[in-house]
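K.L.:
structure here, sequence nowhere to be found:
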DNA sequence: CAAATCAATGCAAACGTGTGCGCACTTTCT
DNA sequence: AGAAAGTGCGCACACGTTTGCATTGATTTG
């Protein structure tokens, strides 16, 4: 173990055994004393606490996992970096994890499907549960969790076949946007959507067009673009180049980051937002509220969504056989200058 | 262990012992066969591989850590979400981690110092090393690593007292920007910097002003603003409100996200960029290269920096007593329309 | 043909922690 | 005073994997 072949391993840290020898008690006494077991006398407990502090003892969470079966680790899968939404979700998840005393293992980021090796990490590190926050990917991760009895909660996406999830009420939120646009006099609509239909995208689109249909507006233009700023910008250019009669007077980009691109693309081509075309998005990114955008959008209650998601995970960590649960939280309509002046 | 008090633990997964019984061999044989130990006969190895596949066996990385002493886990500390740079760094780190077969444990994000609980996680989970990528925070994390023999590498920041780091050559990069601005005829300069002086900020500022000083320009205006878009926007407003004689004709914002805010702030106040004022940044964020900004900046070679950082970490995981190592990589000057019109 | 070599595998201890059970010892009750 | 109850703690095994050493049987060598 003490390999002295030039390369030296780092010294192992203080363990219960070390402490037990120092204190002249059994290792089990150390464990119990530090866990606050009432069977240990106050005197002994104090002595041990003092020693632990002095020698900088920290329990080995990995060894604990081995005997207790719970790691205190949650895996997290994020969507692509091209959408800042996931960065905000990560931040919220970190805060939440910290407040409930668990840790996050980053499993995957991006739009590509997880590969075999990444999938294995999910299992190898014995995560207590897995949080999947990507609208587009995640089916693969979900399947793996299922097959291996790892509790799973999805955020910002709806489970296709089974599984718990927490989402914003995308349908209702999109409806609010449609109503707002109708109220402000818009009549010719376009939806900019990603080419692959995720549940999130589908719900938003349907919620939007249904309200329009109820108001007697049927013909809604649909444009397929990937879901980043760049694609939104390109879409804006295309919209700007349309003939007078073709051009919509209101555009619903299915996500804020896309909407921001659309606005910039339109403006770059000389179209005024909101005077010529109103643009609305969905997510409520802080970035979309900058003075340059002031985007009208629906704010997802991210922190609450994450909070609920962890609650679901924790419950399923304790009792694996709880039934799937679906939570839908309402979004808040934020009206900015991208859809109306003052 | 099998608590049947209503809440049911999830079934444990297949282990080496399970497999060993199925295959009729010893557990150690399973381990060796799957690790490709040449002492195991091809016939046995194949049988075991088949069984492992059939029963979906995945080794328990936590148990492995216990006996081998290495967890394959690296802790990562990120800077505040207000700067997209850290999101890109995280992405690069994930890719790199995946390619060398290790995992990332998210330790901390943000600008606040790590609290006690978060610091403990670093130790409890037996990370093999720690990657600190925040310019502002991290001293605390660094100290904890030091005290507990956890190898540590900093990225995008220079170690204050000791420690390995990988950084972009901030001084030289900033010098490139200064030269470019001089060449394009700018003469009156301002630097927008964060109030707390990180090593990164200091180097960039010094590198910039030194080149100016060499060219005989001494009076450089310095404005303190926190390092997000919002603060940059505010700074832009302040610059725009200056008297004709006071106003600089070139502004160096110490980071891209800040520069983006400055540009938007200036434009909102009717100042033309680059005609009236040139704006340059530092980082090379993809966001700063959008058509609306086309920011002149110095691109940090993030992927290479992360690659080197992991190399340093890996080496120190194998031989803990390697001396500290400092790596500085050159940045690439990207000239955009924020400083000159073609 | 006995001895030495080698290949293939098993045994057992170790990593650090958690926990059921039991062992001493003290206190209380009859 | 002897039995019962209670207190404080140790023993030993379990968790799943790794690894040094021992063991077995087959093969080669002298």
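P.N.:
Received it, and whenever you're ready, just let me know what you need. Predicted model, so just to flag it, every value in this text is computed and none were measured.
K.L.:
residue A:111 against residue A:79, yeah?
P.N.:
Yes: between residue A:111 and residue A:79 there is a contact under Cβ atoms under 8 Å: 7.2 Å. For the C-beta atoms, the positions are set from N, CA and C on the backbone; glycine is no exception.
K.L.:
please say which of these two ends up with more neighbours.
P.N.:
The neighbour count for residue A:111 versus residue A:79, taken as other Cβ atoms under 10 Å in any protein chain shown, is higher for residue A:79 (26 against 16).
K.L.:
what's the spacing between the strand or helix carrying residue A:143 and its chain's center?
P.N.:
Taking DSSP states H and E as the criterion, residue A:143 maps to helix A:139-147. With Cα atoms, centre = their mean, to the nearest Å as the basis, helix A:139-147 stands 17 Å off its chain's centre.
K.L.:
list the buried residues for that helix?
P.N.:
A:139, A:140, A:141, A:142, A:144, A:145 (16 or more other Cβ atoms under 10 Å in any protein chain shown).
K.L.:
same question, stretch A:325-333
P.N.:
Those would be A:327, A:328, A:331, A:333, for stretch A:325-333 by 16+ other Cβ under 10 Å.
K.L.:
can you name the residues bridging to the first one?
P.N.:
Using DSSP bridges, the beta-bridge partners of residue A:327 come out as residue A:166.
K.L.:
please, which helix or strand holds residue A:208?
P.N.:
helix A:199-214.
K.L.:
quick one: strands adjacent to the very next helix or strand once past that helix?
P.N.:
Following the chain from helix A:199-214 toward its C-terminal end, the next helix or strand by DSSP H and E is strand A:221-224. Its sheet considered, strand A:221-224 pairs with strand A:189-193 (parallel) by DSSP bridges.
K.L.:
so the spatially closest residue to residue A:253 that is not a sequence neighbour, which of the three states?
P.N.:
Excluding the flanking residues, the one nearest residue A:253 by Cβ to Cβ, 6 or more residues apart in numbering or on different chains is residue A:259, at 3.7 Å. When classified by DSSP: H, G, I helix; E, B strand; the rest coil, residue A:259 comes out as helix.
K.L.:
residues in contact with residue A:259?
P.N.:
A:192, A:232, A:251, A:253, A:279-282, A:288, A:293, A:295, A:297, A:338 (Cβ atoms under 8 Å, 6 or more residues apart in numbering or on different chains).
K.L.:
pull up the gap between it and DNA strand C, please.
P.N.:
Distance of residue A:259 to DNA strand C, given as Cβ to the nearest atom of the strand, to the nearest Å: 49 Å.
K.L.:
elements contacting whatever helix or strand comes next after the helix holding residue A:143?
P.N.:
Downstream of helix A:139-147, the next assigned helix or strand under DSSP H and E is strand A:152-155. For strand A:152-155, the packing partners by 3 or more Cβ pairs under 8 Å, 6 or more residues apart in numbering or on different chains; DSSP states H and E come out as strand A:129-132, helix A:139-147, strand A:164-168, helix A:302-318.
K.L.:
rank the ones you listed by mean pLDDT and give me the bottom one.
P.N.:
Between those, the lowest average pLDDT goes to helix A:139-147, which shows a mean of 83.
K.L.:
now do that one against strand A:164-168, angle only.
P.N.:
If you take axes from the mean of the first three to the mean of the last three Cα atoms, to 10 degrees, helix A:139-147 sits at 140 degrees to strand A:164-168.
K.L.:
pLDDT at the residue nearest to residue A:253, what is it?
P.N.:
98.
K.L.:
ok, residue A:74 next?
P.N.:
On the pLDDT scale, residue A:74 gets 96.
K.L.:
helix or strand for it, which one?
P.N.:
Counting by DSSP H and E, residue A:74 is part of strand A:73-78.
K.L.:
partner strands of that strand, with direction?
P.N.:
strand A:103-109 (parallel), strand A:129-132 (parallel).
K.L.:
can you tell me which of those strands is most buried?
P.N.:
Burial of the strands paired with strand A:73-78 is given as mean neighbour count (mean count of other Cβ atoms under 10 Å in any protein chain shown); strand A:129-132 ranks first at a mean of 27.
K.L.:
just how off-centre is that strand within its chain?
P.N.:
10 Å.
K.L.:
for stretch A:307-323, same thing?
P.N.:
Worked out by Cα atoms, centre = their mean, stretch A:307-323 lies 17 Å from the chain centre.
K.L.:
up against chain B, what does the stretch 151-300 of chain A have?
P.N.:
Residues of the stretch 151-300 of chain A lying near chain B by Cβ under 8 Å from any Cβ of the partner chain: A:151, A:229, A:230, A:233, A:264, A:268, A:287, A:290, A:291, A:292.
K.L.:
make JSON lines from those and add secondary structure and neighbour count to it.
P.N.:
Output for these, formatted as JSON lines (DSSP: H, G, I helix; E, B strand; the rest coil; neighbours: other Cβ atoms under 10 Å in any protein chain shown):
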{"residue": "A:151", "secondary structure": "coil", "neighbour count": "24"}
{"residue": "A:229", "secondary structure": "helix", "neighbour count": "24"}
{"residue": "A:230", "secondary structure": "helix", "neighbour count": "17"}
{"residue": "A:233", "secondary structure": "helix", "neighbour count": "24"}
{"residue": "A:264", "secondary structure": "helix", "neighbour count": "22"}
{"residue": "A:268", "secondary structure": "helix", "neighbour count": "15"}
{"residue": "A:287", "secondary structure": "helix", "neighbour count": "21"}
{"residue": "A:290", "secondary structure": "coil", "neighbour count": "19"}
{"residue": "A:291", "secondary structure": "coil", "neighbour count": "14"}
{"residue": "A:292", "secondary structure": "coil", "neighbour count": "22"}
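K.L.:
which one among these gets closest to DNA strand C?
P.N.:
Using Cβ to the nearest atom of the strand, residue A:151 comes nearest to DNA strand C of these, at 19.4 Å.
K.L.:
and the gap between that closest one and residue A:325?
P.N.:
11 Å (Cβ to Cβ, to the nearest Å).
K.L.:
repeat that for residue A:334.
P.N.:
On the measure of Cβ to Cβ, residue A:334 and residue A:325 end up 28 Å apart.
K.L.:
low-confidence ranges, the stretch 101-250 of chain A, go.
P.N.:
Within the stretch 101-250 of chain A, the stretches with pLDDT under 70 are A:135, A:137-138.
K.L.:
around DNA strand D, which positions in it sit nearby?
P.N.:
Applying Cβ under 7 Å from any atom of the strand, one finds that the stretch 101-250 of chain A does not approach DNA strand D at all.
K.L.:
helix/strand/coil for residue A:187?
P.N.:
coil.
K.L.:
what's the distance between it and DNA strand D?
P.N.:
The value you get for residue A:187 to DNA strand D, if Cβ to the nearest atom of the strand is used, is 63 Å.
K.L.:
which residues touch that residue?
P.N.:
Residue A:187 neighbours (Cβ under 8 Å, 6+ apart): A:217, A:249, A:250.
K.L.:
which of the residues of the stretch 151-300 of chain A next to chain B sit farthest apart?
P.N.:
Longest distance between any two of those is 46.8 Å, between A:151 and A:268; criterion Cβ to Cβ.
K.L.:
relative to residue A:29, how far out is residue A:40?
P.N.:
From residue A:40 to residue A:29 the distance is 6 Å (Cβ to Cβ).
K.L.:
again, but for residue A:316
P.N.:
Residue A:316 is 34 Å from residue A:29, by Cβ to Cβ.
K.L.:
thinking again about what came up before, switch the strands paired with strand A:73-78 over to JSON lines; also include distance to residue B:67.
P.N.:
Formatted as JSON lines, the strands paired with strand A:73-78 follow (distance: least, Cβ to Cβ, whole Å):
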{"stretch": "strand A:103-109", "distance to residue B:67": "21"}
{"stretch": "strand A:129-132", "distance to residue B:67": "26"}
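K.L.:
fine, thanks again, bye for now.
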